[in-house]
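> I would like to see how this sequence folds:
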Amino acid sequence: MNFPSLAQIKKELGLLSEKELIEVIADLAKFNRENKAYLFFKLQEKDNPNLYLEMVQEELEMEFQKSNTNHAYYAKKSAQAIRRKLNKLLKLSKKKEDQVEAIIFFCERLKEYGFLNFRNLVIDNLYQIQVGKAKKLLSGLHEDLQYDLSLRLEDLEK
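Prediction:
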């Protein structure tokens, strides 16, 4: 099955009336949770620009509290599961500063909850990859934000 290009879809959406457009968007939000979450954040970001970051941090904090760190194997599995959730949540925001903040929050919690104490290769690599992602995203931000976030990132590298 061949699907039309994004440009063709945009053109077709431009031809719809406001009522039809609202109906199409509502139907799209029904398909999966990610669509609904993305739509929610897009609609709410004008009123509360920090809502996305607050909700991501709250969600990740709950996951860290539920995680099992009794053994290296369970800690590794928990860290991987939380990272998968983080990656899904990162797709919902196009703002790089929010993405960097979320990744730094994840890395800080890995340290705080003792995941790095196991000296597990998988956990250490996961941590280093996330720090690398944060550095890469950080390089594209405004200088003032870069400075503030780079201080937190330096603490994570120690």
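> ends of stretch 85-98, how far apart?
15 Å (CA to CA, to the nearest Å).
> and for it, what are the contacting residues?
34, 37-38, 41, 52-53, 56, 59-60, 63, 99, 102-103, 106, 137, 140-141, 145, 149 (CB atoms under 8 Å, 6 or more residues apart in numbering). In this view, the C-beta of every residue, glycine as well, is placed from N, C-alpha and C.
> Mind giving me the PyMOL command for buried ones among these?
Buried residues within the contacts of stretch 85-98, by 16 or more other CB atoms under 10 Å, are selected in PyMOL with:
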select buried, resi 37+38+41+52+53+56+59+60+63+99+102+103+106+137+141+149
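> In helices, which of the contacts of stretch 85-98 appear?
34, 37-38, 41, 52-53, 56, 59-60, 63, 99, 102-103, 106, 137, 145, 149 (DSSP state H).
> Find the centremost residue of the protein, please.
Leu90 (2.2 Å; CA atoms, centre = their mean).
> Phi and psi next, for that one.
With angles defined as degrees, to the nearest 10, Leu90 sits at phi -70, psi -30.
> same thing with the one 3 residues further on?
Ser93 has phi and psi values of phi -130, psi 140 when expressed as degrees, to the nearest 10.
> So what's the residue count around it?
For Ser93, the count of nearby residues is 19 (other CB atoms under 10 Å).
> Could you measure from it over to Phe115?
Distance from Ser93 to Phe115, counting by CB to CB, to the nearest Å: 24 Å.
> before we move on, what about Glu108?
11 Å.
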